[in-house]
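> please find the sequence and the predicted model below.
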Amino acid sequence: MTNDRDYVEKRFSRPGTFRAAAIYTFVVVALAALAFGFYALGPRDYVFSAALVPGILFAGGVGALLWTYREWKAGAGWAAWQGAGWFLLLLMLITLAVPGSAAMSS
């Protein structure tokens, strides 16, 4: 017989899970910001360098969601990783304008 608490509990109290997800998110965003810096300081018509910004964020978001699945299967704290994945994918959608502007200027 299952307990009703099992349906809603998301294991928020696992120590270290939020910190690891936050550090991962910070590193991915910093790499994307570095890629944006290379694009902003270089020629504005290089679509490849502009596409690196949302590409890095997409890869980081998918990586975080894969980490979410791995933590969920292990029965560990997965909610922070899911939040990190969706946050990175949201940033990826916002930064899709960067390669669009590079394509329009070439």
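Perfect, I can see it now.

> secondary structure element for Gly55?
helix 47-74 (DSSP states H and E).

> how about that helix: buried residues?
For helix 47-74, the neighbour count (16 or more other C-beta atoms under 10 Å) marks 47, 49-58, 60-61, 63-65, 67-68, 71-72 as buried. From N, CA and C alone the C-beta is placed, and that goes for glycine too.

> contacting residues around the strand or helix carrying Val27?
In this structure, Val27 sits in helix 17-41 according to DSSP H and E. By C-beta atoms under 8 Å, 6 or more residues apart in numbering, the list of residues contacting helix 17-41 from outside reads 46, 49-50, 52-54, 56-57, 60-61, 63-64, 67, 71, 76-81, 83-84, 87-88, 91, 95, 98, 102.

> kindly report the same for stretch 42-57.
Everything outside stretch 42-57 that qualifies as a contact, by C-beta under 8 Å, 6+ apart, is 28-29, 31-32, 35-36, 38-39, 88-89, 91-93, 95-96, 98-99, 101-103, 105-106.

> quick check on the residues you listed: which are buried?
Buried among the contacts of stretch 42-57 by 16+ other C-beta under 10 Å: 28-29, 31-32, 35-36, 39, 88-89, 91-92, 95, 98-99, 102.

> show me where the protein dips below the pLDDT cut-off.
Low-confidence segments of the chain (pLDDT under 70): 1-14, 106.

> about what we covered before: now the angle from the helix holding Val27 to helix 47-74?
If you take axes from the mean of the first three to the mean of the last three C-alpha atoms, to 10 degrees, helix 17-41 sits at 170 degrees to helix 47-74.

> and helix 17-41, how far out from the chain's middle?
Remark: helix 17-41 is offset 9 Å from the chain centroid, using C-alpha atoms, centre = their mean, to the nearest Å.
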